[in-house]
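Q: give the three-dimensional model of this entry:
(3 chains)
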Amino acid sequence: MLIPVLIGTTLIVYCIMDLTPGDPARMILAETKTSEENIEKMRESLGLNDPLLVRYVRYITNLLKGDWGISYKNRISVLAQIKEKLPNTMLLAFSGMVVAIIIGIPIGIIAAKKQYTLFDNVSMIGALIGTSAPAFWLGLLLVITFSLKLKWLPPAGMGQGFVMKLKSLILPALTIGTGTAAIITRMTRSSMLETMRQDYIDTARAKGIKESLVTTGHMLKNALIPIVTVVGLQFGSLLGGSVMTENVFSWPGLGRFVVESIKTKDVPCVLGSVVALCILFSIVNLCVDILYAFVDPRIKSQYKTSRRKHI
Amino acid sequence: MSNNEFVNKGATKNSGEGRTLWEEIRRRFKKNKFAVVSMYFLIFLIALAIVTIVIDIVDNSNIYNNYVIKQNLKDKLREPEFGNPSMIFGCDEFGRSILFRMIWGTRYSLFIGLIAVTVSLITGGLIGSIAGYYGGKIDNTIMRFMDILLAIPYMLLAIAIVSALGPSLINLLISIAIPKIPSYARIVRASVMSIKDLEFIEAGKSAGASDIRTIFKYILPNAMAPVIVQATLGVADAIISISALSYLGLGVQPPLPEWGAMLSAAKTYIRDAWHITVIPGLGIMFTILALNIFGDGLRDALDPKLQH
Amino acid sequence: MKDLLLIKDLVIHFETDDGIVEAVNNITLGIKEGQTLGLVGETGAGKTTLAKGIMRLIHKPTGKIKDGEILYKDKDLLKLTEKEMREIRGKHISMIFQDPMTSLNPVMTVGEQIGEVIKAHNRISKKGIEKRTCEMLETVGIPSGRAIEYPHQFSGGMKQRVIIAIALACEPNLLIADEPTTALDVTIQAQVLEMMKSLKTEFNTSMLLITHDLGVVAQNCDFVAIIYAGEIVEYGELRDIFKNPKHPYTIGLFGSIPNLNDNVKRLKPIDGLMPDPMSLPKGCKFNDRCKFAMDICKEKNPEMVLLNNGHKVKCFLMQNNI
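A: Numbers count the residues shown, from 1 in each chain, chains lettered A, B, ... in the order given. Down below sits the predicted model:
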């Protein structure tokens, strides 16, 4: 399943980037004033005159060998730059997800248990604002409040040293995580409400067990199943959101790298970054599918029976 | 049988008193006061956008050139003054009245958003109908392709397209419309698949209706409800994407007064001028808020079986 | 014989946006030690609400117990704290719910679900809990090796047996069974009821068996109470009710059962519908469907009249001794 999707996504991205106007050979030789002949020779040697699919296959083969191309702008290997920046983006996306889960799930649970109260109404309004306010704008507001007015946290960059890095991670993580937190809150609440109405909750209470056990063992265990799906699906939007957040906070990640490369028309860098992020996204989706099987025993037993059939 | 067999009994009293379907939907929608207010707010914004277009045609873009575009560096970063109507939101980094820019900017967010969603909807709807109706191999290939499109994070795909084609209004539209096509395709396909085997379709076919006629006349009207809700929320998504791309400099180009583009200066002047950051952002936020509330209200009105 | 559970003048309402649902209206009912009371009524009569009321599992915030007492071993359950009530549930009084397909937690093994109730009321080791769980499974006829399986791996009848195992694991004094076999096939129905009967004898458990099936009542109950629109309209020993039904509704119920021996062309249902619990009529709740309705029936609600042998009927006809 993973391989065809990866092939498909890289093919689509490659085709889109191929539409970019501009002649790579010309760009590479831009500094030197050579003749048209030499430019044409360069094109031949780079294989630029071959049909699209041939070039695509060549690109993928090189990719697998570790050759991701060279930046038009500064001649540094694309892969090297990606290796440097990808971990930062992953750190940001991961922190954002942690923030979203820590905020979203508890509030969603309490809102469901205290349905119709002030807490419920306020949290739902908060969630609504969280999905309505553009993330990058929230980021700017956070910078104004916490970096400029209160001077508690740095406004930009990643900083040196563990403490500094942690401090500079807070605002970007909050920014990127807010949208997802809002979605998780609403999802948790509605999933809990759905679960709370089930007959087996009555059975559980009729046993005379503590209410906290009813909430964790019976309600949550079931309510979390659709939430895991949402968390997984949201990871994609987090990766996309990293583009905006990294820009606001000048975070040295792949998202900012993509935008800068676009502005300088540095196609190999754009292509490489987008491919890297797509691969990351597909791997995360696969992990979520596997996680799902562990969380819901009905799915786990489906896997088990289908394996038994093959024996 | 769950807890409240008694509660459900009461619910049957109010409905089914000889109303048409549309009247039922309107009645349920009106119950949600927030949704109604949001709807009026959105109508107000659309009216504002139309008025600005009319003004531009009538006075030959006079106001546009003098108030929205023209730079008055002596008014640079002027703070909001409540006394002076045109200065109520202050001025931007080029001394232009933010109020005027916000008003003239409504058209970009709203109309590009609406058009983009319409394009996604129609394309996705057609693809989904074909996939759902014919099933089998056609369905499989089409949906595989949709899955692959969905495997690319939305923003990334939009950025890739805009980067390849270059920043212009049309390219912006294409770049935010294409990634959403799979969502609409899926919804329409699901609706089509659930309806196509119902008996009244069989009846139509046996009376001689062709495939296309069957799809358009019988199947699509019944698939409308979930699509409409998705579309409303889709406009909200589109507006956020437009403002995000414009903020990055990849969308609406200066000096056009798109709200997201107005925010891109905010970062540079963030220390000196809070109003450049706060005000256009509030505009975006309230528009999206209105769309979300309206969309939720629409969803509840169209399908009351979904309880909160 | 002493009453194990005595319900006195219980009133339960649901306060909804559309109106107040008067689900249970002044019910007085007793369940004797070691005996099975069958509670018979149509859907919506208030049987489940009454049962949940005893367990104090009424759905909040709309559901409210407005008035009355529920005396268990002379203690009013309605006055207990939530903590004290938890000690009653599962240990002294257990309940089985209507639909076995949805009454078990899908993501917990059946062994864990049985073990939970044991753990809640006993201070024994993990091994002890496991042992007791396996014992209960064997008792209800399920191989103890299946304790590690999940509910979806069991059939409907076996699920119901697991639920019975959970209910009886702590040897309660009273078991409330809300239509335990309605959702099952007739053959499985017989098996399950047989098993419940033998368990009841073994542990001397009292039972409140809620059902709308008179056949089930005939085979399993010692006493019968007929419930209509949230009120008990007739009560008595099994023989008395079946041989000598007095309330027009009860008579109508028995009359509507088709008899294999008669050559009948049409069923004889009771005309009309039960009144809407949100707008109950003044006077006797059955009067608009009653063949014997008198003027007084429309105005006043009859009191319970005690006939011989503990047979009680709530009808003005009895007062005139017709």
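
Q: can you give me the strands in chain C?
A: In chain C, the segments counted as strands under DSSP state E are C:3-16, C:19-32, C:36-40, C:63-72, C:75-76, C:93-96, C:174-178, C:206-211, C:223-228, C:231-237, C:305-306, C:312-313.

Q: dump those to a markdown table, plus mean neighbour count, distance to chain A and mean pLDDT.
A: In short, each C-beta sits where N, CA and C put it, glycine included. What follows is the strands of chain C, written out as a markdown table (neighbours: other CB atoms under 10 Å in any protein chain shown; distance: least, CB to the nearest CB, whole Å; pLDDT from 0 to 100):
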| stretch | mean neighbour count | distance to chain A | mean pLDDT |
| --- | --- | --- | --- |
| strand C:3-16 | 19 | 13 | 90 |
| strand C:19-32 | 21 | 16 | 90 |
| strand C:36-40 | 25 | 17 | 93 |
| strand C:63-72 | 17 | 13 | 89 |
| strand C:75-76 | 13 | 16 | 89 |
| strand C:93-96 | 26 | 4 | 92 |
| strand C:174-178 | 24 | 9 | 92 |
| strand C:206-211 | 25 | 13 | 92 |
| strand C:223-228 | 24 | 20 | 92 |
| strand C:231-237 | 24 | 23 | 92 |
| strand C:305-306 | 14 | 33 | 86 |
| strand C:312-313 | 22 | 29 | 90 |
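
Q: can I see the domain layout of chain A?
A: In terms of domains, chain A is parsed into A:2-64, A:82-310 (source: automatic domain parsing).

Q: tell me the most buried of the ones you listed?
A: Each of the domains of chain A was given a mean neighbour count from mean count of other CB atoms under 10 Å in any protein chain shown, and the largest, a mean of 19, is that of domain A:82-310.

Q: and that domain, anywhere near chain B?
A: Yes: using CB under 8 Å from any CB of the partner chain, domain A:82-310 reaches chain B at A:128-129, A:131-134, A:136-137, A:140-141, A:143-144, A:148, A:155, A:190, A:193, A:197-199, A:202, A:236-237, A:239-241, A:243-244, A:247-248, A:258-259, A:262-263, A:270, A:274, A:277-278, A:281-282, A:285.

Q: the closest residue to C:Cys284 other than its chain neighbours: neighbour count?
A: Once its chain neighbours are removed from consideration, C:Cys284 has its nearest residue in C:Cys297; the separation is 4.4 Å (CB to CB, 6 or more residues apart in numbering or on different chains). When neighbours are counted by other CB atoms under 10 Å in any protein chain shown, C:Cys297 registers 22.

Q: one more: B:Leu282?
A: If you count neighbours by other CB under 10 Å, B:Leu282 ends up with 15.

Q: now it: which helix or strand?
A: Element membership of B:Leu282, judged by DSSP states H and E, is helix B:274-302.

Q: what about that helix, average pLDDT?
A: In this model, helix B:274-302 carries a mean pLDDT of 88.

Q: how about that helix, which residues are buried there?
A: B:274-281, B:283-285, B:287-302 (16 or more other CB atoms under 10 Å in any protein chain shown).

Q: the residue of chain A found nearest chain C: what's it in contact with?
A: Nearest to chain C, among the residues of chain A, is A:Gly208, at 3.4 Å (CB to the nearest CB). A:Gly208 makes contact with C:85-91, C:117, C:120-121 under the criterion CB atoms under 8 Å, 6 or more residues apart in numbering or on different chains.

Q: tell me the pLDDT at B:Gly16?
A: For B:Gly16, pLDDT reads 47.

Q: and the residue of the stretch 151-300 of chain A closest to chain B?
A: For the stretch 151-300 of chain A, the residue closest to chain B is A:Gly240, as judged by CB to the nearest CB, at 3.1 Å.

Q: what's the closest non-adjacent residue to that residue?
A: Leaving aside its sequence neighbours, A:Gly240 sits nearest to B:Met155 (CB to CB, 6+ apart; 3.1 Å).

Q: need the next SSE after the lowest-mean-pLDDT helix or strand in chain B, C-terminal direction.
A: Of all the helices and strands that make up chain B, helix B:5-11 has the lowest average by mean pLDDT, DSSP states H and E, namely a mean of 37. Elements were assigned by DSSP H and E; along the chain past helix B:5-11, the next helix or strand is helix B:21-31.

Q: which parts of the next helix or strand after that next one are buried?
A: Scanning forward in sequence from helix B:21-31 by DSSP H and E, the next helix or strand is helix B:33-58. Neighbour-count burial for helix B:33-58 flags B:35, B:38-39, B:41-42, B:45, B:48-49, B:52, B:55-56 (criterion: 16+ other CB under 10 Å).

Q: any chance of those in TSV, plus pLDDT?
A: Formatted as TSV, the buried residues of helix B:33-58 follow (pLDDT from 0 to 100):
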residue	pLDDT
B:Ala35	88
B:Ser38	91
B:Met39	91
B:Phe41	93
B:Leu42	92
B:Leu45	92
B:Leu48	90
B:Ala49	90
B:Thr52	87
B:Ile55	86
B:Asp56	84
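
Q: which of those sits closest to chain C?
A: Nearest to chain C, judged by CB to the nearest CB, of these is B:Ala35 at 18.3 Å.

Q: quick one: contacts for residue 113?
A: No chain was given, so I picked chain A. Contact analysis of A:Lys113 by CB under 8 Å, 6+ apart lists A:192, A:196, A:215.

Q: wait, chain C
A: Residues counted as contacts of C:Gln113 (CB under 8 Å, 6+ apart) are C:104-105, C:162, C:166.

Q: apply 7 Å and report the result again.
A: When contacts are counted by CB atoms under 7 Å, 6 or more residues apart in numbering or on different chains, C:Gln113 is found next to C:104-105, C:166.

Q: next one: B:Pro226
A: By CB under 7 Å, 6+ apart, the contact set of B:Pro226 is B:187, B:191.

Q: try it again at 10 Å.
A: Contacts of B:Pro226 were listed using CB atoms under 10 Å, 6 or more residues apart in numbering or on different chains, and they are B:184, B:187-188, B:190-191, B:299, B:302-303.

Q: need those residues in CSV (columns: distance to B:Gly166).
A: What follows is those, written out as CSV (distance: CB to CB, whole Å):
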residue, distance to B:Gly166
B:Tyr184, 26
B:Ile187, 32
B:Val188, 32
B:Ala190, 36
B:Ser191, 37
B:Arg299, 37
B:Leu302, 40
B:Asp303, 42
